[in-house]
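Q: Need the 3D shape of this:
(3 chains)
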Amino acid sequence: MRARALLISLVLACTCTLFGQNGGGQNGGELRFCLRSDPKTFNPLLVNDDASETVRYLTAGFLLRVNRLTQQPEPDLAISWKILNQGKSIRFKLRPDVRYSDGTPFSAVDVAYTMQRLLDGSVHSATSDAFRSGEGKLVTRVLSPALIELNFPAPVANLAYLFDFVPILSSTSPQKEMAALGPFFVAEHKAGAFVLLKRNPNYWKKDPQGRQLPYLDSVRLEVEQNPDIEAMRYERGEIDLINTVSPAIYEKLSSVNASSVRDAGPSTDVEEVWFNQVPSAPIPAYKKQWFASTAFRHAISEAINREDMARLVFRGHAVPAAGNVPQSNKFWFNANLQPQAYDTSGALRRLQSDGFRMENQQLRDKNGNPVEFSIVTNAGNRSREQMATMIQQDLKKIGIKVNVVTLDFNSLLERMTQTFNYEACLLGTVNGDLDPSSQMTMWLSSGEDHIWNPKEKAPATAWEAEIDKQMRIQASTLDLHKRKAAWDQVQKIAWEQAPVIYLVNKDSLVAISPQIRNAQPSPFRPQAYWNIENLMLARR
Amino acid sequence: MKMLHKIAIAVLLSAALASVLARYIAPAGYEQQFRDEAQARPSIHHLLGTDDLGRDRFARVVYGMRVSFFLAPLAALLSTILAAAVGGIAGFCGGWVERLVMGATDLFLALPWLFLLITVRAVLPLNLSPVASVIITFALLGMLGWAPAARVICAGARQALQSDFVWSARARGCGGLRLIRVHLLPSLRPALAAQFFLSIPVFIIAEANLGALGLGVSEPLPSLGGLVCELQDFVMLRPEPWRLAPLVVLIVVIGAFQVLLSKQEVHA
Amino acid sequence: MFRSLLLALLRFVVLMLVAGLAGATLVRVAPGFSSDAQELTPGLSSESIQAIRQARLADSNVPQFYLHYLNGLLHGNLGTSQSLNQPVLDLLRDRLPVSLRSLALALLVAWSVGLALAVGAFRVRSRWFVAAADSSGGAFISTPAAVLALVFLMMRWPPVLAVGLLVFPKIYRYSRNLMEECLELPHIVVARAKGVGPWRLLSWHVVPIAIPQLIALVGVSISLGLGALLPVEVFCDLHGIGQLAWTAAQSRDLPLLVNLTFVVSCLTIGAIMCCDQLRRLAGREATA
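A: Just a heads-up that it's a prediction; the model follows:
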């Protein structure tokens, strides 16, 4: 598998280089694009916001990298690796003669140091938590300067892929975390204004012609919160790319110059709505009964017109979702599942079979309570407000009154995770990782992210118990096919029980200046610049 | 000049009539989604085209006027009364009362009221009807918008108290409430009128901004402020200039108000 | 005079302290204080989420936080922003001059345009002029700050000018009304009847009477300008304290918000109090 991945990436690299040469690209130049906010940290281990993640992606070195097109891990600082001891250990053979941006040599000691820092208890990130698979400590064995073995107390699911998120720090550099192993290093930062990255002169990678990568001299990341202004600056040529554009801006830019924007296909981002099923939630008991009913949830799902949502809210740049794994996630997508078809009469029949009845265009439950509820979503997100309004209109057709409430994000979060004072919530999930093991806390009934009813002491329903079982199976085996079968089963149960009603998978829309050569946008993060070292600028 | 007043009266009457008779004027309900005609250009069926969800923009403007033009003046009146009361009391009493009241006013100007509004939303039920929500919002705006005017009014009251006509009234034994009603309030009328007037468009826009906190008009009910704030999507303004219609309506109606009120002020 | 200044200073300090405490309390009481968007990162364990929440709640005791903050303030330490992970002092040092420059420019535009139109209306006495000035004021005040600023940005004009145009209608309206009011005072009626020219009328009779209220308006206009500057900075990405305040408000960044409340209070209360002192002086001179 790794050999195939290597072959594919070699072919891709050659194609890119040829394209680059034919396309008139040249070495040097400055690539400019925007960050939504100032990076909160330059310590790669403490990254938890998008802006810092961008800087980390462009500056840090990783043992392996997942190719965003083939979705396969490829050697980076590690030439090869081997999983041992039923997933409890991994051994890396490291690339020799690699140096940090300040000239400090890289060795296995740095990998050991990084892993110890990552797991020392003060770092709270999804990656460090994923490695903390059981009680006990990580044991690192530096076998030679180019060979290291990491032993975890318990098997770690998806072990190799996790290293795509582990930036390797230097244990000896006087610059500490700022010493970079990636294609660029941080040269200047003006808080709230920009971050200037310069080419790492010691970057190990070369193109097939033996030219030092990256081709670019520098990357200037400017802080720009307003996407409309970002689009205006892109149109004026002040920036070279926009990593994520809204469908409206995409259409506008496309109408001016169709080659300046690209739709990379369905992303891992999914929009969803769910009902509050927390037993202690401060909402009326009869509403809790509705929300706990599978038939009710299914009927709601059936009454929502996802096609219209994709067409109107996302201007055709989204597809109806069957679950939280998009089609573009080639391996983990369950192809047997289809998005719930829009059928208002089917929804009504389902509700009637569950004791609901229509009276004067108003749906009532078996006790005569009119069926109405509120949907909360985060204010300022126009597409979510529009989706909620469409749901309001769709459900009106089956006699349900929906109140749409937009709240600022922190208030919403408090209601979702602490007070549970809401009825239904519309939000989106961003999955950075393609592997389902990163979704353990969402699917396990005891999980904090088990959004419809977090931290259950014991599974509240038989199907949640089954999901728990399947998630544990997929997390504890190394056999990919067994993992896939278990994960398919989880997706199937989620579809049948609809604890979360998945709406649409948004496409990854990017704007890339025609002056940039070798760009190959991917649906996965970071969409436009995942192959930054290969990007070239045409003569300005 | 009479022509200008006639035009202003005609504009205000048309706006009032249009919002009262919205049901008969609008080609469709403000919430009705013509999903097959979304983002349509102006046509005979949709005079101002349709929005992203296929809702008739003209219908939304007409219904939006109903919400904004009836509630914003009420909120403006509330803030003007509060400004008159606070500023007037401080100016009239003077001394430590003035210092205390004006100190509280200064404090009021400096506090981050955004968090009070977030807290108010938290104590309101989520199933609050859109109409109740908008009434509460305008009431809050009225209660929070008095402070800048109170300072000006206090200064005006202090000055009026030292004027010759007040001295002469006092010498004739006029005092207390009568002095306030007959002499002070009329002299403060221009400042109060300015406060009332300027508050109307400010509150219309502020209501829309409060949508970000879960207050204000909630979907699908439209408000003029909400429609105007959609213009923040300014990349679409050049290709679709008819989106400016709500702003034009707001400016024309506020302009008409001003023409009429300036006449009133001059004659006051 | 000295006593009055001392009292004003004392009042200023007390108001600032109360404003800081009230600001901190409002932030703490508002929902969402204990929440952090980081909690939603997929894959975080229970322990990590609890650790994130605990870190948020470190400043949950407002009196304790405030005393600690004041103690730091006395030693020149304004704390560290939770959301931006930077010392507040550095942030303010970077951002405050930007906002002050913007505010000064905006107020200059607002007062120039507002007073010019008000004086023009007084001098020309044409209802068409008044109608045109009223309409332009009405148009600007009816336009959301963000929209106007974005249009300015699109036209490549400085967006802070939009703040000036948003504030000028208020200055124009108050000052014109004041002048109209003065025209009806008996001694001015007499002066007009005697044929005193409009400029002389304005400079000798109207301005001395209107000045105390106009000075009060100067103080208030700073508060109005700051209010209009905030959305403009947010929407146009101007790196001032308005943008900082919005970021801090969204993430309930208590140390940053308390400092910003101090800054805003200092600007508004300070300006108002200075104007009060000036107004008193002007009043004394007018009486004299």
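Q: Phi, psi for C:Ser83 please.
A: Dihedral angles of C:Ser83 (phi, psi; degrees, to the nearest 10) stand at phi -80, psi -30.
Q: Run a quick neighbour tally on it.
A: 23 (other CB atoms under 10 Å in any protein chain shown). Every C-beta, even on glycine, is put in place using the N, C-alpha and C of the backbone.
Q: What residues does it make contact with?
A: Going by CB atoms under 8 Å, 6 or more residues apart in numbering or on different chains, C:Ser83 touches A:40, C:247-248, C:250-251, C:253, C:256.
Q: one more time with 7 Å
A: By CB atoms under 7 Å, 6 or more residues apart in numbering or on different chains, the contact set of C:Ser83 is C:247-248, C:251, C:253, C:256.
Q: Chain A next: which of the residues you listed are close?
A: Residues of the contacts of C:Ser83 in contact with chain A (CB under 7 Å from any CB of the partner chain): C:Ser251.
Q: so where does the nearest residue to B:Pro112 once chain neighbours are set aside fall, helix or strand?
A: Setting aside the residues directly before and after it, B:Pro112 is nearest to C:Gly23 in space (CB to CB, 6 or more residues apart in numbering or on different chains), at 5.5 Å. According to DSSP states H and E, C:Gly23 maps onto helix C:2-29.
Q: Check the gap between B:Gly225 and B:Thr80 for me.
A: 19 Å (CB to CB, to the nearest Å).
Q: one step back: burial check on the residue nearest to B:Pro112, number of neighbours?
A: Around C:Gly23 there are 26 residues (other CB under 10 Å).
Q: So it sits against B:Leu111, correct?
A: Yes - counting by CB atoms under 7 Å, C:Gly23 touches B:Leu111, with 5.9 Å between them.
Q: Helix, strand, or coil at C:Asn85?
A: coil (DSSP: H, G, I helix; E, B strand; the rest coil).
Q: which stretches of the chain have low pLDDT?
A: In the absence of a named chain, chain A is used. Within chain A, the stretches with pLDDT under 70 are A:1-25, A:539-540.
Q: nope, chain C
A: Using pLDDT under 70, chain C drops low at C:1, C:282-288.
Q: Where is the longest helix in it?
A: Across chain C, the helix with the greatest residue count (assigned by DSSP state H) is helix C:88-124.
Q: Please list the residues of chain C that sit near chain A.
A: So chain C meets chain A at C:31-32, C:34-35, C:37-39, C:41-46, C:48-49, C:51-52, C:84-86, C:90-91, C:94-95, C:150, C:153-154, C:235-237, C:239, C:250-252 (CB under 7 Å from any CB).
Q: Are any of those residues buried, and if so which?
A: C:31-32, C:34-35, C:37-39, C:41-45, C:48-49, C:51-52, C:84-86, C:91, C:94-95, C:150, C:153-154, C:235-237, C:239, C:250-252 (16 or more other CB atoms under 10 Å in any protein chain shown).
Q: what helix or strand does residue 221 sit in?
A: As the question left the chain open, I've gone with chain A. strand A:218-223.
Q: That was the other one, I meant chain C.
A: helix C:207-236.
Q: Show me which residues of that helix are buried.
A: Those would be C:207, C:209-236, for helix C:207-236 by 16+ other CB under 10 Å.
Q: Run the angle between the helix or strand following that helix and strand A:218-223 for me.
A: Downstream of helix C:207-236, the next assigned helix or strand under DSSP H and E is helix C:241-250. With axes from the mean of the first three to the mean of the last three CA atoms, to 10 degrees defining the directions, helix C:241-250 sits at 80 degrees from strand A:218-223.
Q: Find me whatever residue is spatially closest to the residue in the stretch 151-288 of chain C that chain A sits nearest to, sequence neighbours aside.
A: With CB to the nearest CB, the shortest gap between the stretch 151-288 of chain C and chain A falls at C:His239, namely 4.4 Å. Take C:His239 and drop its neighbours on the chain: the residue closest to it by CB to CB, 6+ apart is A:Gly192, 4.4 Å away.
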